[in-house]
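# requesting a structural model of the entry that follows:
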Amino acid sequence: MPTIAPLPLFSVLIPSYNRPELLVQTIESVLAQSMADLEVIVSDDASPRGSEIASAAGRFANDPRFQFVLQPRNLGWSDNRNALLAAARGEFVLLLGDDDLLPAHALGRLAEHLRSNPDRDLIVFGYEVIDFEGRHCYRRHVPATLTLQVGHGEVWREVFLYDVLPMWAFHPFTLCCRRNRAVAWGYDKRCGIGDDAFFLFRALDSGSRIDVLPDVLFSWRRALTDEKGYINLSSGNAAIDQGRRLIWLLAQQTTWSKPAVKELIGSAEFARHFLGLPRGIADKVAALGRLGTPAALEEAKACWEKLPPTRRWRIGNLCKLNSLRRIGGIRYAYFGFQAALKRSRGRLR
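Numbers count the residues shown, from 1 in each chain. Sure thing, here's the model as predicted:
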């Protein structure tokens, strides 16, 4: 009888699109992990350079841990990730951008944490920002392990407000999640590029505990301007604003399990922070969101569409640093100040 391969602990899932050169580096960094209990699945979303990507992936065809899927048609940002979740066999999944890198100890560190905390569903961690050429820019991470869970303190609210968390502590795209939970929450294409934020909303609403590790466990490649045909999807404010608006609209139409989450989603505080609305308009938009009818939501959209950029509300740097202090103490605020200073000096391309 044929032998059945044991299920791996980790499935590292890489949605791919048009980056064959960078993809090779990403795959190499995963296969070089200090622990071997893993599989790597790359799914190219029918990109124009699909044949080049298939050729690049072919370098790893002899490694039994590696699998490559070339989608016959374009699934889109979210559904390509959902297809990867459906193909995964590992107990835990870890999504990784096709231009990002894992240090050799990353999965070993996650395995160590899971051995000590076998009931965890979701683990997130710090990251290093690198530019197109792979040069270090800055790091973002908490100074000590942090727990996010509805009903345990107030820090979980920061994820919904999206001012300092998650990006000042972890990246919402690359996280370690129990596979069956990730499949259940999924990635909703109605959110556009913000589907990873909505994934976190659903995780917290489920009652799951999120452990935020202080370790820097991957390198996120970011380009704010076009670099040899490469640019991040989230590099422009217009794309970020559109994602936030789509998430807010979907959140108003979602049935939330936790009363505290439902209350926050319907609040003016959420509308103000998440959408960048001044107080008076945030009050009106929140009231329309609580009505939740198609007509009310259309009226809410009209409120922000006619708002000139000069009237947009953004949390100030001092408020951000104060939020970091409340979350992780003076040391965390200092880390945030350092990262902001490095970025302002133009070290990020």
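# where along the stretch 51-200 of the chain do the helices fall?
Assignment of helices within the stretch 51-200 of the chain using DSSP state H, counting those that start in this stretch yields the ranges 77-87, 106-116, 157-161, 179-185, 195-205.
# right, and those helices - which one's nearest Leu297?
Smallest distance to Leu297 across the helices of the stretch 51-200 of the chain (Cβ to Cβ): 16.4 Å, for helix 195-205. From N, CA and C alone the C-beta is placed, and that goes for glycine too.
# quick check: angle from that closest one to helix 77-87?
On the basis of axes from the mean of the first three to the mean of the last three Cα atoms, to 10 degrees, helix 195-205 is oriented at 60 degrees to helix 77-87.
# any residues touching helix 195-205, and which ones?
With Cβ atoms under 8 Å, 6 or more residues apart in numbering as the test, helix 195-205 has contacts from 77-78, 81, 121-122, 148-150, 156, 159-160, 162, 166, 172-173, 177, 181, 185-189, 191, 210, 243, 247, 250-251, 256-258, 261.
# among these, which ones are in strands?
Judged by DSSP state E, the subset of the contacts of helix 195-205 located in strands is Leu122, Leu148, Cys177, Ile210.
# count of residues packed around the first one?
Going back to what we said before, that points to Leu122. As a burial measure, Leu122 scores 23 neighbours (other Cβ atoms under 10 Å).
# with the second one instead?
Applying the criterion other Cβ under 10 Å, we find 26 residues in the vicinity of Leu148.
# for it, give its distance to Tyr127.
According to Cβ to Cβ, to the nearest Å, Leu148 and Tyr127 sit 17 Å apart.
# tell me where this structure has strands.
10-16, 38-44, 66-70, 92-95, 122-130, 136-140, 146-148, 176-178, 210-221.
# could you export those strands as JSON lines, including distance to Ile53 and mean pLDDT?
Output for the strands of the chain, formatted as JSON lines (distance: least, Cβ to Cβ, whole Å; pLDDT from 0 to 100):
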{"stretch": "strand 10-16", "distance to Ile53": "6", "mean pLDDT": "97"}
{"stretch": "strand 38-44", "distance to Ile53": "5", "mean pLDDT": "97"}
{"stretch": "strand 66-70", "distance to Ile53": "8", "mean pLDDT": "96"}
{"stretch": "strand 92-95", "distance to Ile53": "17", "mean pLDDT": "98"}
{"stretch": "strand 122-130", "distance to Ile53": "21", "mean pLDDT": "97"}
{"stretch": "strand 136-140", "distance to Ile53": "26", "mean pLDDT": "92"}
{"stretch": "strand 146-148", "distance to Ile53": "36", "mean pLDDT": "96"}
{"stretch": "strand 176-178", "distance to Ile53": "25", "mean pLDDT": "98"}
{"stretch": "strand 210-221", "distance to Ile53": "17", "mean pLDDT": "97"}
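# narrow the contacts of helix 195-205 to just the buried residues.
Buried subset of these (neighbour count, 16 or more other Cβ atoms under 10 Å): 77-78, 81, 121-122, 148, 150, 156, 159-160, 162, 166, 172-173, 177, 181, 185-189, 191, 210, 243, 247, 250-251, 256, 258, 261.
# can you list the domains in the chain?
As given by automatic domain parsing, the domain ranges for the chain are 10-221, 237-311.
# just curious, which of the ones in strands among the contacts of helix 195-205 is nearest to Leu288?
When the ones in strands among the contacts of helix 195-205 are compared against Leu288 (criterion: Cβ to Cβ), the nearest one is Leu148, at 28.9 Å.
# tell me the bridge partners for the residue nearest to the closest one when sequence neighbours are not counted.
Nearest residue to Leu148, sequence neighbours excluded (Cβ to Cβ, 6 or more residues apart in numbering): Ile210, at 4.1 Å. Beta-bridge pairing for Ile210 (DSSP bridges): Leu122, Leu148.
# show me what contacts Ile210?
Neighbour list for Ile210: Leu122, Ile123, Val124, Thr147, Leu148, Gln149, Trp156, Leu200, Ala203, Leu204 [criterion: Cβ under 8 Å, 6+ apart].
# farthest-apart pair in those residues, please.
The largest separation in those, counting by Cβ to Cβ, is between Ile123 and Trp156 at 15.3 Å.
# quick one: low-confidence parts of the stretch 1-150 of the chain?
For the stretch 1-150 of the chain, applying pLDDT under 70 flags the ranges 1-5.
# if we go to 90?
Within the stretch 1-150 of the chain, the segments meeting pLDDT under 90 span 1-6, 18-19, 21, 36, 50, 132-133.
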